[in-house]
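Engineer: One predicted model, sequence on top.
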Amino acid sequence: LYERTASIPEFQRTRDLIYVLARVAFLNKDVLARPGADSVLMLGDVDLLDQELKQFFTIGVGRPNYEAVVEHDVRLAKERSPREYALAVGLYIYSLIAGDVRKSAADRKTLRTLVARPRDVDPQVIDAALDNLLGYSWYVDTDGERFWISAEPNINKVLQEEAGLVDRVEALRQVESELE
């Protein structure tokens with residue numbers, strides 16, 4: 001993380017990393033109180049929905065257009081499962097600090113490493129969570145082998161989701177009334 005943040009001019013590596021670590025530790029006092037390996041903080045413990053961290057990881061690092069990513073993809077992942085949330089956060093932070101996200105996108109092996117917890121490293125479970133995340137995320141992009149967060153939503157996913165919200169009978173009535 002320390003080396004990868006060099007691509008963000010607004011990121012003051014030492015000071016900002018200390019701030020992030022302190023905020024994450026404060027929000028995860030319960031995790032740190034556990035004995036042994038369970039007291040390890042992982043990317044999934046970074047609460048991007050916490051107002052201070054969300055602001056830091058969007059506006060604070062010069063990426064205000066990424067706030068929509070947090071509000072849609074990260075929020076949905078947190079509502080669905082801890083593993084999908086860990087993937088969303090890991091992918092978000094990995095992409096955010098990567099410079100050219102397509103060149104330094106994360107492959108499945110990297111994502112598994114980002115979200116694995118002690119005694120919980122089954123790659124198939126993590127791959128299934130990634131597939132779930134890809135199914136509803138507007139901002140996760142892939143070339144089939146690598147994954148990254150894009151600042152622009154995938155318009156096909158947006159339209160598909162919105163179309164699912166429209167009552168087909170009501171839509172047909174509306175079209176018929178427009179044609180009359």
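Structural biologist: Thanks, I have the structure now. Residues are numbered from 1 along each chain as shown.

Engineer: what pLDDT does Arg102 get?
Structural biologist: As predicted, Arg102 sits at a pLDDT of 67.

Engineer: To clarify, my last question referred to Asn132.
Structural biologist: We have a pLDDT of 93 for Asn132.

Engineer: Shouldn't it be within a helix?
Structural biologist: Yes. Counting by DSSP: H, G, I helix; E, B strand; the rest coil, Asn132 is part of a helix.

Engineer: What is the burial count for it?
Structural biologist: 16 (other CB atoms under 10 Å). No exception for glycine: its C-beta is placed from N, CA and C like everyone else's.

Engineer: repeat for Ala151
Structural biologist: There are 15 residues near Ala151, going by other CB under 10 Å.

Engineer: What is the subsequent helix or strand relative to the lowest-mean-pLDDT helix or strand in the chain?
Structural biologist: Least confident helix or strand, the chain: helix 155-165 with a mean of 70, by mean pLDDT, DSSP states H and E. Later in the chain than helix 155-165, the nearest helix or strand by DSSP states H and E is helix 168-179.

Engineer: mind exporting that following helix as PDB, just the C-alpha atoms?
Structural biologist: Extracted C-alpha coordinates of helix 168-179, given in PDB (Å, rounded to 0.1, in the frame of the first residue of the first chain):
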ATOM      1  CA  ARG A 168     -44.100  -4.500 -17.800                       C
ATOM      2  CA  VAL A 169     -47.900  -4.200 -17.900                       C
ATOM      3  CA  GLU A 170     -47.600  -0.500 -16.900                       C
ATOM      4  CA  ALA A 171     -44.800   0.100 -19.400                       C
ATOM      5  CA  LEU A 172     -47.000  -1.500 -22.200                       C
ATOM      6  CA  ARG A 173     -49.900   0.800 -21.200                       C
ATOM      7  CA  GLN A 174     -47.700   3.800 -21.300                       C
ATOM      8  CA  VAL A 175     -46.300   2.900 -24.800                       C
ATOM      9  CA  GLU A 176     -49.900   2.300 -26.000                       C
ATOM     10  CA  SER A 177     -51.100   5.700 -24.700                       C
ATOM     11  CA  GLU A 178     -48.100   7.400 -26.300                       C
ATOM     12  CA  LEU A 179     -48.900   5.800 -29.700                       C
END
